[in-house]
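Asks: 3D, please:
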Amino acid sequence: MYAVLDKSVLVAGLRSNREASFHILRSIRARDIRIAVSVALVLEYESVILRPGLISHFTADELRKIVDGLCQLADHQQVFFAWRPFLPDPDDDLVLELAVAASAAYVITHNISDFRGSESMGVRAITPATTLDIIRP
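Replies: Numbering: from 1, shown residues only. Here you go, the predicted model:
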């Protein structure tokens, strides 16, 4: 599976090891899921996970190392075009633009409704649970 990981899944996976989001992160590490990243998305990851108190059981340095690890596993994609605004939230637009530029079939997110219309761009928004159903039939 080739996808773009929305920040909502990264945060949820780092906050709890009991949910599907955690298993998504493990599947990325195991290379069962390949992800694409862009500079803009990596900066978004860092800005969200480094918010004070959001993920309190990791230090800021540990969180940066986690993002670095994701970057080492990911395909790095430059995005040369923008359709903004396409989705209601500009942060979601950057995720969709990355998925299209990288030819990723999926965006893995907890916020499916935020990506309504992404199918017209050839990208399907799916939840972490659905992702696990796809990669582990």
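
Asks: measure stretch 44-57 end to end?
Replies: End-to-end span of stretch 44-57 (C-alpha to C-alpha, to the nearest Å): 20 Å.

Asks: make that stretch 30-39, sorry
Replies: End-to-end distance (C-alpha to C-alpha), stretch 30-39: 23 Å.

Asks: got the contact list for S8?
Replies: S8 makes contact with 109-111, according to C-beta atoms under 8 Å, 6 or more residues apart in numbering. The way it works is simple: take the backbone N, C-alpha and C, and place the C-beta from them, glycine included.

Asks: please read the previous query as pertaining to D114.
Replies: If a contact means C-beta under 8 Å, 6+ apart, then D114 has 87-89, 92, 125 as its contacts.

Asks: try it again at 10 Å.
Replies: 6, 8, 87-89, 91-92, 95-96, 107, 125 (C-beta atoms under 10 Å, 6 or more residues apart in numbering).

Asks: over to A125?
Replies: Counting by C-beta under 10 Å, 6+ apart, A125 makes contact with 3-4, 6, 87, 92, 95-96, 99, 106-119.

Asks: change it to 7 Å
Replies: Counting by C-beta atoms under 7 Å, 6 or more residues apart in numbering, A125 touches 107, 109, 112, 115, 118.

Asks: ok, now which ones touch the fourth one?
Replies: Think F115. By C-beta under 7 Å, 6+ apart, F115 lies in contact with 87, 92, 96, 107, 109, 125.

Asks: thanks a lot, catch you later.
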